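Student: fold the following for me, if possible:
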Amino acid sequence: MNLLVNRLPTTDKFGRTVRTSFRYWINFLRALSDEEIEPDSRLLYALTCVYVDDIDVDAFDEYREGAFWFLNGGKDPDEPADGNHAPILDYDIDQMVIYSSFMSYYHINLTRAQLHWFEFRALMYTLPQDTPIGALMYYRGKEVTSDMPDWERKQVQRLKRLCRIKKKSDDEWVSEEDFIKAAAENWQKLKGNTNG
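Tutor: Reported below is the predicted structural model:
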């Protein structure tokens, strides 16, 4: 599937009709991580968010495979990660910064936009680091390595802690203002070390 030359699909890889709006696919992802839905029911509920017709339980594995193919932009997903990596994006927690990033960088109002999931996905994952969501995703995904200077390692660990995605059961919560302040301090420190 090539976004530039192919028509945007309206079916999964097995030809089953899916809802194509980015809103449905965000709800798909939200359902998969919803702690209020029983773990055994999450995938079935998520599939009902994106398929137009009822789910045939006899073909459940195909529905799952087809949905993840569509979610992945028309490609079969790579092998699943080992699960040791912290998530870098949460569509509930990050909704405001996603909205503001799209508005400021692309001038797209996501409350009014009619975007196919493939379009939204391409735009979302190419937002630069200097947008609010770009900065959050950068620090959430940044690896702390032993070859970093001590001050940088401490600062990155602090920013990762400030902007990590918290579960509903977490007691610790950090405001966006605190994260932005810490990111600005880190930026000034980085600028100071590269100029001196």
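
Student: buried set for the helix or strand hosting residue 123?
Tutor: Take DSSP states H and E as the rule and residue 123 turns out to sit in helix 117-124. Neighbour counts over helix 117-124 (16 or more other CB atoms under 10 Å) mark 117, 118, 119, 120, 121, 123, 124 as buried. For the C-beta atoms, the positions are set from N, CA and C on the backbone; glycine is no exception.

Student: could you do stretch 59-73 as well?
Tutor: For stretch 59-73, by 16+ other CB under 10 Å, it's 63, 64, 65, 66, 67, 69, 70, 71.

Student: put the alpha carbons of it into CSV.
Tutor: Provided in CSV are the C-alpha atoms of stretch 59-73 (Å, rounded to 0.1, in the frame of the first residue of the first chain):
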residue,chain,number,x,y,z
ALA,A,59,-13.4,-15.9,11.6
PHE,A,60,-12.2,-14.0,14.7
ASP,A,61,-8.5,-14.4,13.9
GLU,A,62,-9.0,-13.0,10.4
TYR,A,63,-10.9,-10.0,11.9
ARG,A,64,-8.0,-9.4,14.3
GLU,A,65,-5.4,-9.8,11.6
GLY,A,66,-7.3,-7.6,9.2
ALA,A,67,-7.9,-4.8,11.8
PHE,A,68,-4.2,-4.7,12.8
TRP,A,69,-3.2,-4.6,9.1
PHE,A,70,-5.4,-1.6,8.7
LEU,A,71,-4.2,0.0,11.9
ASN,A,72,-0.6,-0.4,10.7
GLY,A,73,-1.3,1.5,7.5
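
Student: so where's the protein shaky on pLDDT?
Tutor: Across the chain, the ranges flagged by pLDDT under 70 are 79-85, 167-196.

Student: and the helices in it?
Tutor: For the chain, helices defined by DSSP state H occupy the ranges 22-32, 39-50, 60-71, 95-101, 117-124, 132-141, 150-163, 176-195.

Student: and the first one, how far out from the chain middle?
Tutor: In terms of CA atoms, centre = their mean, to the nearest Å, the gap separating the centre of helix 22-32 from the centre of its chain is 11 Å.
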